[in-house]
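In: attaching a predicted model along with its sequence, questions to come.
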Amino acid sequence: MSHVQDDEIRSVVRSRYKEIAVQTVVGDSCCSTSGCGCCSTADFGATSTKMGYSEEELAAVPDGANLGLGCGNPQAIAALQEGETVLDLGSGGGFDCFLAARKVGETGRVIGVDMTPEMISRARFNASKGEFTNAEFRLGEIEHLPVADASVDVVISNCVINLSPDKQQVFNEVFRVLKSGGRLAVSDIVMTADLPEEIRRNTNALAGCIAGAAAITQLESMLAVAGFQKIKIQSKDESREFIKDWIPGTSVEDYIVSAVIEAVKP
């Protein structure tokens, strides 16, 4: 894929998430009428519960942090410990960052990276409102992380890496910023069957965590090339229940599924 095509993809994704970020009316849908993905027209709390978040987790973040985005709960697999430094790729309104901040405590640190300025502004506002002093948000692309080498214990992400046109570069960057022994704990969409051409070329599907999905074998290969060990990718068939609503009428749930992706830097 050329640099021009890569930039076009990022532009589409950035525009979509800008629209989501600037919504201010509680209950607004994060989906347009032309297609969804990574979110639902349903209540954000109900959607997040289906993805594996507990009621206690949903109540622990500031209003406006949970935008109904994602396809799973990376907190459930990250096993975060007090004092750790956590990096969230595509941090959005700060939802997963704030949950991580509670787990790592005052001695820990959480860094959220997002390429959409409006999302960064929203997350910083939410952090101030919730008095999360151990969480910070940086503007940047996940292919070029504004984070120092070997400075992070855990990298989390929720349905974001599939949006990147250069996933190998993302994994290379994650490997760079992780400390030795650091771990990757991600919820993301994987492809279980070849997508029909009409879905693959659909810009809404591209920005909605669908058209950019890779097969499990492809992701395993990318992680290994980056240098990771103890690679584990487990699909979650129950996720098809909410994925089927992402582009109604296309049976998209026959082609993609949510998965947990884990790996360790030796």
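Out: Arrived safely, thanks for sending.
In: report the secondary structure state of the residue nearest to Lys179 when sequence neighbours are not counted.
Out: Closest residue in space to Lys179, ignoring its immediate chain neighbours: Ala150 at 5.0 Å, by C-beta to C-beta, 6 or more residues apart in numbering. Using the backbone N, CA and C atoms, a C-beta is placed for each residue, glycine as well. Assigned with DSSP: H, G, I helix; E, B strand; the rest coil, Ala150 falls in the coil class.
In: repeat that for Leu219.
Out: helix.
In: ok so, going back, for the residue nearest to Lys179, give its distance to Gly140.
Out: Look at Ala150 and Gly140: by C-beta to C-beta, to the nearest Å, they are 18 Å apart.
In: same check, this time on Val170
Out: Val170 is 12 Å from Gly140, where distance means C-beta to C-beta.
In: follow-up on the earlier one: show me what contacts the residue nearest to Lys179?
Out: Going by C-beta atoms under 8 Å, 6 or more residues apart in numbering, Ala150 touches Arg176, Val177, Leu178, Lys179, Ser180.
In: quick one, what contacts the residue lying closest to the third one once chain neighbours are set aside?
Out: Beyond its immediate neighbours in the sequence, the residue positioned closest to Leu178 (C-beta to C-beta, 6+ apart) is Lys265, lying 4.4 Å away. Applying C-beta under 8 Å, 6+ apart, we find Lys265 in contact with Phe175, Leu178, Lys179, Ser180, Gly181, Gly182, Arg183, Leu184, Gly227, Phe228, Gln229.
In: pipe the residues you listed into CSV and attach secondary structure, distance to Glu84 and pLDDT per row.
Out: What follows is these, written out as CSV (DSSP: H, G, I helix; E, B strand; the rest coil; distance: C-beta to C-beta, whole Å; pLDDT from 0 to 100):
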residue, secondary structure, distance to Glu84, pLDDT
Phe175, helix, 18, 99
Leu178, strand, 12, 98
Lys179, strand, 10, 98
Ser180, strand, 14, 98
Gly181, strand, 11, 98
Gly182, strand, 9, 98
Arg183, strand, 10, 98
Leu184, strand, 14, 98
Gly227, coil, 21, 98
Phe228, coil, 18, 98
Gln229, strand, 20, 98
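In: would JSON lines of those with distance to Ala60 and neighbour count be doable?
Out: JSON lines is the format used below for those (distance: C-beta to C-beta, whole Å; neighbours: other C-beta atoms under 10 Å):
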{"residue": "Phe175", "distance to Ala60": "31", "neighbour count": "20"}
{"residue": "Leu178", "distance to Ala60": "26", "neighbour count": "26"}
{"residue": "Lys179", "distance to Ala60": "27", "neighbour count": "15"}
{"residue": "Ser180", "distance to Ala60": "31", "neighbour count": "8"}
{"residue": "Gly181", "distance to Ala60": "28", "neighbour count": "9"}
{"residue": "Gly182", "distance to Ala60": "25", "neighbour count": "22"}
{"residue": "Arg183", "distance to Ala60": "23", "neighbour count": "21"}
{"residue": "Leu184", "distance to Ala60": "24", "neighbour count": "29"}
{"residue": "Gly227", "distance to Ala60": "35", "neighbour count": "15"}
{"residue": "Phe228", "distance to Ala60": "31", "neighbour count": "21"}
{"residue": "Gln229", "distance to Ala60": "33", "neighbour count": "10"}
